[in-house]
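1. Structure for the following, please:
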Amino acid sequence: MAPLYHLVQESIWAKCKADGAAYYPPTYEQDGFIHLTADARFLLGVGNLFYKDVAGTFLLLVLDSEKLSAKVIFEPAAAVGNKPSDGLAAGGAETAKEALPLFPHLYGTIDFGAVTAELPIERDAAGEFLSIPGLAETEAAP
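-> Now for the predicted structure:
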């Protein structure tokens, strides 16, 4: 299983789980999909580019891609709501010769059974995403 990752506001995720309701992020209706990444190296950059100004606690959901019932399509980086992905796309390639990364987009909800870990994300007072304790352990798991 190759894990996929999703940054989620803890309050929204907790409410969906408690209510047994399907999870959709606040930008789903506008974007048409749930933003994921397959490369953990992008997580803090994604958090800081798109969610730094969003107050509250965030979690990282580690997903088993084989347990997702909705379609996942790898596509170029896309805006999250009204925030363009230009900075992420430009920083994704090490050199001009390297292809820009593709990101998994989930066209449906995240199945609760597909979540293999929920990791807290450390942020500073200004909202900057600093680290994700426990991430290395989930990457090393078979």
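2. those strands in this protein, which residues are they?
-> 3-9, 34-35, 58-64, 71-76, 102-107, 115-120, 122-123, 129-131 (DSSP state E).
3. any idea where the helices of the chain begin and end?
-> 10-19, 28-31, 43-50, 86-92, 135-140 (DSSP state H).
4. contacting residues around the first one?
-> Okay, so that is helix 10-19. 21-23, 25-26, 56-59, 61, 112, 118 (CB atoms under 8 Å, 6 or more residues apart in numbering). (C-beta placed from N, C-alpha, C; glycine too.)
5. what angle sits between it and strand 58-64?
-> Helix 10-19 runs at 50 degrees relative to strand 58-64, counting by axes from the mean of the first three to the mean of the last three CA atoms, to 10 degrees.
6. give the contact list for Ala55.
-> Applying CB under 8 Å, 6+ apart, the residues near Ala55 are Gly127.
7. re earlier: and the helices of the chain, which one is worst for confidence?
-> Looking at those, the lowest mean pLDDT belongs to helix 86-92 (a mean of 51).
8. re earlier: I'd like to know which of the helices of the chain lies nearest to Val72.
-> Closest approach to Val72 among the helices of the chain (CB to CB): helix 28-31, 14.4 Å.
9. Name the residues of the closest one that are buried.
-> By 16 or more other CB atoms under 10 Å, the buried positions in helix 28-31 come out as 28, 31.
10. Run through who's touching that helix.
-> For helix 28-31, using CB under 8 Å, 6+ apart, the contacting residues are 34, 78-82.
11. now do 7 Å
-> 34, 78, 80-81 (CB atoms under 7 Å, 6 or more residues apart in numbering).
12. can you check stretch 125-138 too?
-> Against stretch 125-138 from outside (CB under 7 Å, 6+ apart): 3, 40, 43-44, 47-48, 52-53, 60, 62, 117, 119-124.
13. Sweet, I'm off.
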